[in-house]
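A.B. asks: Provide a 3D model corresponding to the input given below.
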Amino acid sequence: MKQESKGSGRIDLDAIIGHIRSRKDFSKVGMILTHLGIVRGTTREGRRVVSMRVKVDRDKLNSIVEHQRKRTGILDILVETREGELYVGDDVLAIVVAGDVRENVISVLIDTLNEIKAQATTKVEIYEG
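C.D. replies: Here you go, the predicted structure:
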């Protein structure tokens, strides 16, 4: 049985990007890069996923973002996460990085994502059967 998202399983990337666009110093931005993590229907090994339980260490998340925000060429980093029981198709994690040039922005998005996944979030997948 495939279980679909219950309720509002979406993160509003347009609203997050809009917040960055509304900054008085937006003219410094040459690139906005986003990541949107979604609950997959199967694991990497092919096992069917019914849902995922996600927990976020908000203090660690904020520390990661503040550290990454100080890197060269970065104007802002905004992160939105969802916690609790999420279902296939639900959005889990959104990261929006705004900065001057791609060489700066891409590396910061990758590093921020990897640090959040390794240090600030935990997940437990619930399998079918």
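A.B. asks: how far off centre is stretch 58-77?
C.D. replies: Offset of stretch 58-77 from its chain centre (C-alpha atoms, centre = their mean, to the nearest Å): 13 Å.
A.B. asks: contacts for that stretch?
C.D. replies: Applying C-beta atoms under 8 Å, 6 or more residues apart in numbering, the contact partners of stretch 58-77 are 20, 23, 25-26, 28-29, 79, 81, 95-101, 103-105, 108, 111-112, 115-116, 119-121. Quick note: C-beta positions are derived from backbone N, CA and C, even for glycine.
A.B. asks: could you list the low-confidence segments of this protein?
C.D. replies: Along the chain, the parts satisfying pLDDT under 70 run over 1-8.
A.B. asks: for it, just list every one of the strands.
C.D. replies: 31-38, 49-56, 74-81, 84-87, 91-99, 121-127 (DSSP state E).
A.B. asks: tilt between the fifth one and strand 121-127?
C.D. replies: Spelled out, that is strand 91-99. 140 degrees (axes from the mean of the first three to the mean of the last three C-alpha atoms, to 10 degrees).
A.B. asks: who does strand 91-99 touch, helix- and strand-wise?
C.D. replies: Strand 91-99 makes packing contacts with helix 13-21, strand 31-38, strand 74-81, helix 102-115 when contacts are defined by 3 or more C-beta pairs under 8 Å, 6 or more residues apart in numbering; DSSP states H and E.
A.B. asks: could you redo the ones you listed as CSV and give each row mean neighbour count and distance to residue 49?
C.D. replies: Putting the helices and strands packed on strand 91-99 into CSV (neighbours: other C-beta atoms under 10 Å; distance: least, C-beta to C-beta, whole Å) gives the following:
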stretch, mean neighbour count, distance to residue 49
helix 13-21, 14, 23
strand 31-38, 16, 11
strand 74-81, 20, 18
helix 102-115, 17, 20
